[in-house]
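[1] can you look at this prediction? I've put the sequence above it.
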Amino acid sequence: MADKALQEPAFLVLTSLAGGPQHGYGLVEDVLRVSDRQVRLHTGTLYAILDRLREGGLIEVDREEIVESRLRRYYRLTNAGAERLAAEAERMQRNASAATSRLQQLPPRVRPDLRPGLRPEGGMA
Amino acid sequence: MSQEILERRYRRLLACYPAAYRAAYGEEMLAVAMAAAGPDRRWPDPGEAADLILTGLRRRLGSARPAPLNPAWRDAAGIAAVIGPIVMAAFAVAPLPAPFRGTGGWQYFASASFSGIIVAALWSAVAVAGMLRWRRLALAGSCALSAGLIYELARGAARDPYEFGALWWKVVSAALITGSALLALKSKQRLLSWWAATATAVIAMLLAVLPAIQNGQLLPGAAGAASFTEMNSYLQLQTLLHRALPAGLALVLLVVVARQKAGVRSRLMVMLVAAAATFAFDLAAVSGILTIEDAVNYPPLGPGWWQSPAVMVAVPVLCFAVGVICLTPDERRPHRRDSADVPRGGMA
């Protein structure tokens, strides 16, 4: 698991748990928020990701509660999970910088307008 | 009330998951699905339902996946994908050497044909491709030759049962070779040593040209003998070659097999025994059918129920299955996964 790049939903779940322990539905909501409403996790997909992340030792169960007679299990990031998320974020940042820097080199007529935050060094005003 | 109906429907969808997974995550998943659905909903959201069905079935299929194949099978397949084509090349020219009761020796019943020699050359090319580890080429070649044999079998079986018996062992061997070539795609095994390859190739070549010698197509042979004594010596030589060459080929192959590591050797034996048993069985069945006309002097072996194509088909399957069962359980599945289906720390 450590060698393969994380897929976006798994990355977003780890990102969400970096903010603190979350239960299943809390994760669905938080991922929606973090991804700017671009990623909505369905239940089956969410638990496939949680199961994989648990097997990889990146997350663990924090606690369990019964709310309105329904089970709520909270998950938290492990140290390995935090390291993995940091490495993944760094890798994505590197790739994004490479992409924006190449885009800057395109001829002006085909170059897209880059938002100020995406401009590479010199354009970060 | 609508919540109860919705919950029941979600529970039905969760039945797509294996029981162990449901025991670990089922209640939690139900809570999430119900929370996502909101109040007053009676039917699950279609996207949510499709996702539960797909991920559930994937989980079931994943848990039903067989244990990874023992690498020794790949290594054995790598060897079989080389020695198999050599044997096939040796017997490409004649359909089946059968004990001919009149002479008391082994005799081919077909003369060397041009197409037979081409097929022998093609099988040799497959063997060379296997030796050089051009595995895709070896696979493509054995697929094409197997397809040709199946076509020939379908045509021949319609004509008479002798054709079926004479060709069936070849189809079984070709299928084993093709399967081996497929398995060997990922084998790291160093193949036959050069001495073994050369010895088998020489014997195979001699076997391939033997019918041509026998029928006077390559050398004058017995047919062109000037005297009875000369003809007799030719016949004696032919009988000797008929006995010595297959025995020599078998000996070299057995040495090759014996020199492999234990796990590879036992798997090679399973494949070889399946092919050899089919060959021997077909030979007995076919020779029985052939001797019907000589029933006065040589009582025929049949045809009996055991000479039917159905039994011939069953022989290799049974032999292979028994061979695999005879491998020790540890050898069969050393890489058996732990029950990956049950999530760790799961709560019932």
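    Happy to help now that I have it.

[2] tell me the secondary structure for residue A:73?
    strand (DSSP: H, G, I helix; E, B strand; the rest coil).

[3] surely it meets residue A:64?
    Yes: at 5.0 Å, residue A:73 counts as touching residue A:64 under the criterion of CB atoms under 8 Å. Just so you know, the C-beta spots here come from the backbone N, C-alpha and C atoms, and that holds for glycine as well.

[4] look at those two and report which has more neighbours.
    Neighbours were counted for residue A:73 and for residue A:64 using other CB atoms under 10 Å in any protein chain shown; residue A:73 has more, 19 against 12.

[5] residues contacting that one?
    Residue A:73 makes contacts with A:23-24, A:61, A:63-64, B:28, B:347, as judged by CB atoms under 8 Å, 6 or more residues apart in numbering or on different chains.

[6] 6 Å instead, please
    A:61, A:64, B:28 (CB atoms under 6 Å, 6 or more residues apart in numbering or on different chains).

[7] read off the pLDDT value for it.
    You'll see residue A:73 listed with a pLDDT of 92.

[8] distance check, it against residue B:195.
    Residue A:73 is 65 Å from residue B:195, where distance means CB to CB, to the nearest Å.

[9] residue contacts, residue A:6?
    residue A:88.

[10] can I take it that it is in a strand?
    No: using three-state DSSP, the assignment for residue A:6 is coil, not a strand.

[11] what number of residues lie near the residue lying closest to residue B:51 once chain neighbours are set aside?
    Leaving aside its chain neighbours, residue B:51 sits nearest to residue A:42 (3.6 Å; criterion: CB to CB, 6 or more residues apart in numbering or on different chains). When counting by other CB under 10 Å, one arrives at 22 neighbours for residue A:42.

[12] got phi/psi on residue A:42?
    Residue A:42 adopts backbone torsions of phi -80, psi 160, taken as degrees, to the nearest 10.

[13] and it, how far from residue B:14?
    13 Å.

[14] one step back: for the residue nearest to residue B:51, give me the pLDDT.
    pLDDT, residue A:42: 92.

[15] show me what counts as buried in the helix ranked longest in chain A.
    With secondary structure taken from DSSP state H, chain A has its longest helix at helix A:79-104. Across helix A:79-104, burial judged by 16 or more other CB atoms under 10 Å in any protein chain shown covers A:81, A:84-85, A:88, A:100.

[16] off-centre distance for it?
    11 Å (CA atoms, centre = their mean, to the nearest Å).

[17] just stretch A:57-73 next, same as before
    The answer for stretch A:57-73 is 21 Å, by CA atoms, centre = their mean.

[18] residue B:171 touches residue B:151, doesn't it?
    No: the criterion here is CB atoms under 6 Å, and residue B:171 misses it with residue B:151 at 10.2 Å.

[19] look at these two and report which has more neighbours.
    residue B:171 (19 against 10).

[20] how near is the more buried one to residue B:313?
    Going from residue B:171 to residue B:313 by CB to CB gives 10 Å.

[21] mutual contacts of the two, please.
    Common neighbours of residue B:171 and residue B:313 (CB under 6 Å, 6+ apart) do not exist.

[22] any stretches of chain A with poor pLDDT?
    Within chain A, the ranges that satisfy pLDDT under 70 run A:1-3, A:114-125.

[23] near chain B, which residues of it?
    A:24-25, A:42-45, A:47-48, A:51, A:70-71, A:73 (CB under 6 Å from any CB of the partner chain).

[24] and residue A:62, which of the three is it?
    strand.

[25] isn't it right up against residue A:21?
    Yes: with contacts counted by CB under 6 Å, residue A:62 reaches residue A:21, the gap being 4.0 Å.

[26] name the residues contacting each of the two.
    A:74, A:76.

[27] now for residue B:143, how many residues are close by?
    16.

[28] for it, which non-adjacent residue is spatially closest?
    Nearest residue to residue B:143, sequence neighbours excluded (CB to CB, 6+ apart): residue B:178, at 5.6 Å.

[29] and that neighbour, how far from residue B:150?
    Taking CB to CB as the measure, residue B:178 and residue B:150 are separated by 11 Å.

[30] pull the contacting residues for residue A:75.
    Residues in contact with residue A:75, defined by CB under 6 Å, 6+ apart, are residue A:59.

[31] need the helices for the stretch 151-300 of chain B, in chain order.
    With DSSP state H, counting those that start in this stretch, the ranges of helices along the stretch 151-300 of chain B come out as B:161-183, B:194-214, B:228-258, B:262-290.

[32] would you mark the buried spots in the last one?
    Of the residues in helix B:262-290, B:263-279, B:281-290 count as buried by neighbour count, 16+ other CB under 10 Å.

[33] that one packs against which elements?
    Secondary-structure packing of helix B:262-290 (3 or more CB pairs under 6 Å, 6 or more residues apart in numbering or on different chains; DSSP states H and E): helix B:71-90, strand B:97-100, helix B:161-183, helix B:309-326.

[34] state the mean pLDDT of the third one.
    Okay, so that is helix B:161-183. Across helix B:161-183, pLDDT averages out at 83.

[35] equivalent analysis for the first one, please.
    What helix B:71-90 shows for mean pLDDT is 84.

[36] hey, C-alpha coordinates of that helix in PDB?
    Taking Å, rounded to 0.1, in the frame of the first residue of the first chain, the C-alpha atoms of helix B:71-90 are listed here in PDB:
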ATOM      1  CA  PRO B  71       5.300 -20.200  -8.500                       C
ATOM      2  CA  ALA B  72       6.500 -23.800  -9.000                       C
ATOM      3  CA  TRP B  73       3.600 -24.300 -11.400                       C
ATOM      4  CA  ARG B  74       5.000 -21.500 -13.500                       C
ATOM      5  CA  ASP B  75       8.400 -23.000 -13.500                       C
ATOM      6  CA  ALA B  76       7.100 -26.400 -14.300                       C
ATOM      7  CA  ALA B  77       5.000 -24.800 -17.100                       C
ATOM      8  CA  GLY B  78       8.200 -23.100 -18.500                       C
ATOM      9  CA  ILE B  79       9.800 -26.500 -18.900                       C
ATOM     10  CA  ALA B  80       6.700 -28.200 -20.200                       C
ATOM     11  CA  ALA B  81       6.300 -25.400 -22.800                       C
ATOM     12  CA  VAL B  82       9.700 -26.500 -24.300                       C
ATOM     13  CA  ILE B  83       9.700 -30.300 -24.000                       C
ATOM     14  CA  GLY B  84       6.100 -30.600 -25.000                       C
ATOM     15  CA  PRO B  85       6.600 -29.000 -28.500                       C
ATOM     16  CA  ILE B  86       9.600 -31.200 -29.000                       C
ATOM     17  CA  VAL B  87       7.600 -34.400 -28.400                       C
ATOM     18  CA  MET B  88       4.800 -33.000 -30.600                       C
ATOM     19  CA  ALA B  89       7.300 -32.300 -33.400                       C
ATOM     20  CA  ALA B  90       8.500 -35.900 -33.100                       C
END
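
[37] quick revisit: quick one, what contacts the residue nearest to residue B:143?
    Residues near residue B:178 by CB under 6 Å, 6+ apart: B:142-143, B:146.
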